[in-house]
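Asks: Predicted coordinates and the sequence they were generated for:
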Amino acid sequence: MIFESEVFEMDENKPETVAGYTITERIQVGQKLFVLGENPNAVSPFVTWQRFDGRTGYDWGHYYQSLEKALADLHKRADKERENANPNRKTKTRDDTR
């Protein structure tokens, strides 16, 4: 499911809201934007979504009960995208530490 943004142009005086969630954090990695949304009235008050450049909606939502878990997921998703964008970067394995 893709959620359309209720605010199409960024206005620093008016926060972006999507499906009732206020976007509070953004991380751009290459062609993707990862965001954290908060809605204190929702069953799961925190969500992370992704959006591809050139699109207006967000997709692939991960929903959480705690801000800490949502922030960790936001950074994990961005880090994974950075790794995927740089395939020549070697990922450390357990054997590298021996």
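Replies: Everything's here; your move.
Asks: State the distance from Gln50 to Pro40.
Replies: 23 Å (Cβ to Cβ, to the nearest Å). For the C-beta atoms, the positions are set from N, CA and C on the backbone; glycine is no exception.
Asks: Between those two, point out the one with more neighbours.
Replies: Neighbour totals were compared for Gln50 and Pro40, and Gln50 leads with 20 against 8 (other Cβ atoms under 10 Å).
Asks: Verify the stated contact: the more buried one with Tyr58.
Replies: Yes. The pair Gln50 / Tyr58 is scored as a contact, 6.7 Å apart, by Cβ atoms under 8 Å.
Asks: Return every residue with contacts to both of these two.
Replies: Val35 (Cβ atoms under 8 Å, 6 or more residues apart in numbering).
Asks: Low-confidence regions, this structure specifically.
Replies: The chain contains residues with pLDDT under 70 at 1-13, 87-98.
Asks: Can you tell me the centre-most residue of it?
Replies: Nearest to the geometric centre of the chain sits Phe34, at 2.8 Å (Cα atoms, centre = their mean).
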